[in-house]
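J.: sharing a model prediction with you, sequence too.
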Amino acid sequence: MESSTRQLHVNTAVGRRVAKRILAVEPLDPSTFVLVSNLYSASGRWHCSEATRQEMREKGMRKQPCQSWIIHDNEIHSFQVRDVSHLQSMNIYRGLEVLLLECMRSGYEPGTSFVLHEVEDHQKKDLLFCHSAKLTATYGLLMTSLVQVIRIVKNVHVCGDCHSFLKHVSAVSEREISLRDGSGFHFFSDGQYSCRDYC
């Protein structure tokens with residue numbers, strides 16, 4: 001399964017040790033606290049994850065919100081998780097529903113292991129389905145011509161589920177998608193990807 005292949009690169013024990021050392025060097029960097037919290041969540045240690053986030057709040061730090069954007073008609077169209085602020089929100093969510101069904105028919109399986117919140121399984125899918133990269137890709141499909149590459153920029157590392165989703169989108173829509181995130185460029189075309197799922 002694709003998500004399990006990608007998670008081979010996650011070693012929570014080593015990650016925690018490294019993050020704690022970084023915390024000692026960069027005690028005022030919120031991204032380090034988020035990293036430690038996510039590592040705890042990924043290993044099911046929800047109490048430790050929440051304690052880390054609480055410490056972050058007590059120090060007055062805030063997590064940078066995940067955001068994706070696309071340029072269309074010389075305007076930047078930006079989306080956050082569960083975003084409903086865009087003028088086209090209703091059409092975007094309707095389009096995303098159709099896109100999710102088509103992708104699932106082609107083999108996409110929601111990677112609920114990428115949800116780092118302690119919620120029920122059905123809630124995990126709901127959280128995954130409204131990630132900013134999915135909303136941005138849907139907007140790009142709706143608003144650009146069939147020959148244009150959909151160019152998405154993301155301010156943080158793309159999650160494994162969105163990576164899998166975009167791969168399937170490129171196949172079912174027969175469109176090319178380029179995504180630039182914190183780790184580099186990812187290019188999806190005809191169900192294939194440039195980074196071989198390592199991102």
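T.: Right, received. Where do you want to start? Numbers count the residues shown, from 1 in each chain.

J.: quick one, helices of the chain?
T.: 2-6, 12-25, 30-42, 46-58, 89-105, 121-129, 132-143, 160-172 (DSSP state H).

J.: out of the ones you listed, flag the one nearest residue 80.
T.: If you check each of the helices of the chain against residue 80 by C-beta to C-beta, helix 132-143 wins as the nearest, at 5.4 Å. Every C-beta, even on glycine, is put in place using the N, C-alpha and C of the backbone.

J.: okay, the angle between that closest one and helix 89-105?
T.: 100 degrees (axes from the mean of the first three to the mean of the last three C-alpha atoms, to 10 degrees).

J.: pLDDT of helix 132-143, averaged?
T.: Averaging pLDDT along helix 132-143 yields 97.

J.: cool, stretch 173-184 as well?
T.: The model assigns stretch 173-184 a mean pLDDT of 93.

J.: do the same with stretch 66-80
T.: Averaged across stretch 66-80, pLDDT comes to 95.

J.: render the CA-only coordinates of it in CSV, please.
T.: In CSV, the C-alpha atoms belonging to stretch 66-80 read as follows (Å, rounded to 0.1, in the frame of the first residue of the first chain):
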residue,chain,number,x,y,z
CYS,A,66,-0.9,25.0,6.3
GLN,A,67,-1.7,26.8,3.1
SER,A,68,-1.7,26.0,-0.6
TRP,A,69,-2.1,28.5,-3.4
ILE,A,70,-2.4,28.7,-7.2
ILE,A,71,-2.1,31.7,-9.5
HIS,A,72,-5.0,32.1,-11.9
ASP,A,73,-5.7,35.2,-14.1
ASN,A,74,-2.8,37.0,-12.4
GLU,A,75,-4.4,36.5,-9.0
ILE,A,76,-3.2,34.3,-6.1
HIS,A,77,-6.0,32.0,-4.9
SER,A,78,-5.0,30.7,-1.4
PHE,A,79,-6.6,27.9,0.6
GLN,A,80,-6.3,26.5,4.1
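
J.: what sits against residue 92?
T.: 86, 135, 138, 139, 142 (C-beta atoms under 8 Å, 6 or more residues apart in numbering).

J.: and of those, the nearest to residue 188?
T.: Nearest to residue 188 among the contacts of residue 92 is residue 138, at 14.2 Å by C-beta to C-beta.

J.: what's the spacing between that closest one and residue 70?
T.: 10 Å (C-beta to C-beta, to the nearest Å).

J.: give me the more crowded residue out of those two.
T.: For the pair residue 138 and residue 70, the greater number of neighbours falls to residue 138 (25 against 20), based on other C-beta atoms under 10 Å.

J.: quick check: the more buried one vs residue 165, distance?
T.: Using C-beta to C-beta, residue 138 is found at 10 Å from residue 165.

J.: okay then, goodbye and thanks.
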